[in-house]
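Enquirer: my questions concern the predicted model and sequence given below.
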Amino acid sequence: MNEKPLVILAHPMPKEWVAPLYERTRVVVGPDGVPGIHPSLEPYFPEVEGLFTWLTDRVDEALLDRMPRLKVISNYAVGVDNIDVAACTRRGIPVGHTPGVLTDAVADLTWALILAVARGIFPAAQDAREGRWGLWHATRWLGYDLVGRTLGIVGMGQIGQAVARRAAGFQMRVLYTSRTPKPAIEAELNAQRVDLDTLLAASDVVSLHVPLTPETRGLIGEAQLRRMKPTAILINMARGAVVDTEALLRALREGWIAGAGLDVTDPEPLPADHPLYQLPNVVITPHIGSATYGTRRAMAELAVENLLAGLEGRRLPRVVNPEVYER
Ligand code: DGY
């Protein structure tokens, strides 16, 4: 008898989002609220063929060694910095991820943060709520205009492009950095590719959309923050470790820049007593870029397609390491 393949779902997911998995595989589920592949799943390691991970789950050589029958990893995220992809490739294991389906949700939240920081929405709303409204006033709660200013996109992938497209509504000039030129985007958005130092010095909003890699870890440190305008805003939608947290704290406290919107932090979660929370010019959201009902479901459906393809020996619709198919 051909038994269905065993799949580890590292954390619970709504059943209707991942229904085909329950139909076509045997599913074991790890616990909620605990990062990583939980020790309670260890008895299943020798048999598991498909692994469904969240971005909080580290997959390294040591874990792979313990899963000798593993055929596919499907990460429920576009970023795969939690996975040692090179180790997977060496073993011929395709890694799936979820680009595309989350682009608009992440771009929308980017703009929510840009506007919230530029207009000081949170401290103003807090003042209203806590009885500090007083009289309408000419010089209280002043923020920054965006129309006609310069937006600097660091990393012009799908999300960076979607953020830049939305900037047209604000008639902003768009600068960008990218490993490769994007002539079609330049033509469409009148965007200009520049080096990082130029972008930092010229932009009123700097928005980060690069994957976390050895090259981008700590990309924005003291030297880079000091290059920015004192009226500029930094937005991080990428991964926390792209920014040096201590340098950012100093930059905000000492007025090297005007504010920051962070959907990702280093560490993550940022402890509740972290001094960044005390600063009125910072808005921090708990890594919710893709967190809409529609997007999270679409990500789940794509992650399931990736996983089932890998189990059935088909090419993953969204594969991070296509080299596995060239062997
Ligand atoms: C991702 O997909 O990498 C985001 O950070 C979460 O959706």
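Expert: It's in.
Enquirer: going forward, measure contacts between C-alpha atoms and count neighbours the same way
Expert: Noted.
Enquirer: tell me who's in contact with the one residue in the stretch 201-327 of the chain that gets nearest to the ligand.
Expert: Nearest residue of the stretch 201-327 of the chain to the ligand (Cα to the nearest ligand atom) works out as residue 290 at 4.5 Å. Residue 290 makes contacts with 102, 103, 105, 106, 296, as judged by Cα atoms under 8 Å, 6 or more residues apart in numbering.
Enquirer: how close does it sit to residue 33?
Expert: The gap separating residue 290 from residue 33 is 18 Å, by Cα to Cα, to the nearest Å.
Enquirer: with residue 113 instead?
Expert: For residue 113, the distance to residue 33 - Cα to Cα - is 26 Å.
Enquirer: more crowded one of these two?
Expert: residue 113 (25 against 8; other Cα atoms under 10 Å).
Enquirer: just to check, the more buried one is in contact with residue 259?
Expert: No - using Cα atoms under 8 Å, residue 113 is not in contact with residue 259, being 10.5 Å away.
Enquirer: tell me, what's touching these two both at once?
Expert: Among the neighbours of residue 113, none is also in contact with residue 259 (Cα under 8 Å, 6+ apart).
Enquirer: could I get stretch 116-130 in PDB with only the CA atoms?
Expert: What follows is stretch 116-130 as a C-alpha-only set of coordinates in PDB (Å, rounded to 0.1, in the frame of the first residue of the first chain):
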ATOM      1  CA  ALA A 116       2.100  57.700   9.900                       C
ATOM      2  CA  VAL A 117       5.700  58.900  10.500                       C
ATOM      3  CA  ALA A 118       5.700  61.900   8.200                       C
ATOM      4  CA  ARG A 119       2.500  63.300   9.700                       C
ATOM      5  CA  GLY A 120       3.100  62.200  13.300                       C
ATOM      6  CA  ILE A 121      -0.200  60.400  13.400                       C
ATOM      7  CA  PHE A 122       0.400  58.200  16.500                       C
ATOM      8  CA  PRO A 123       1.500  60.900  19.000                       C
ATOM      9  CA  ALA A 124      -1.300  63.300  17.700                       C
ATOM     10  CA  ALA A 125      -3.900  60.600  18.000                       C
ATOM     11  CA  GLN A 126      -2.600  59.700  21.500                       C
ATOM     12  CA  ASP A 127      -2.800  63.300  22.500                       C
ATOM     13  CA  ALA A 128      -6.500  63.500  21.300                       C
ATOM     14  CA  ARG A 129      -7.400  60.300  23.100                       C
ATOM     15  CA  GLU A 130      -5.700  61.300  26.300                       C
END
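Enquirer: contacts for that stretch?
Expert: By Cα under 8 Å, 6+ apart, the list of residues contacting stretch 116-130 reads 115, 133, 141-146, 233, 259-261, 280-283.
Enquirer: only the buried subset of those, as a PyMOL command please.
Expert: Burial among the contacts of stretch 116-130 is assessed by 16 or more other Cα atoms under 10 Å; the matching PyMOL selection reads:
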select buried, resi 115+143+144+146+233+259+260+261+280+281+282+283
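Enquirer: for the ligand, what are the nearby residues on the stretch 151-300 of the chain?
Expert: With Cα under 6 Å from any ligand atom as the criterion, the stretch 151-300 of the chain meets the ligand at residues residue 290.
Enquirer: can you give me the strands for the stretch 151-300 of the chain?
Expert: Remark: strands assigned in the stretch 151-300 of the chain by DSSP state E, counting those that start in this stretch are 173-177, 192-193, 205-208, 233-236, 259-262, 282-284.
Enquirer: with mean pLDDT added, can I get these in a markdown table?
Expert: Formatted as a markdown table, the strands of the stretch 151-300 of the chain follow (pLDDT from 0 to 100):
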| stretch | mean pLDDT |
| --- | --- |
| strand 173-177 | 98 |
| strand 192-193 | 98 |
| strand 205-208 | 99 |
| strand 233-236 | 99 |
| strand 259-262 | 99 |
| strand 282-284 | 98 |
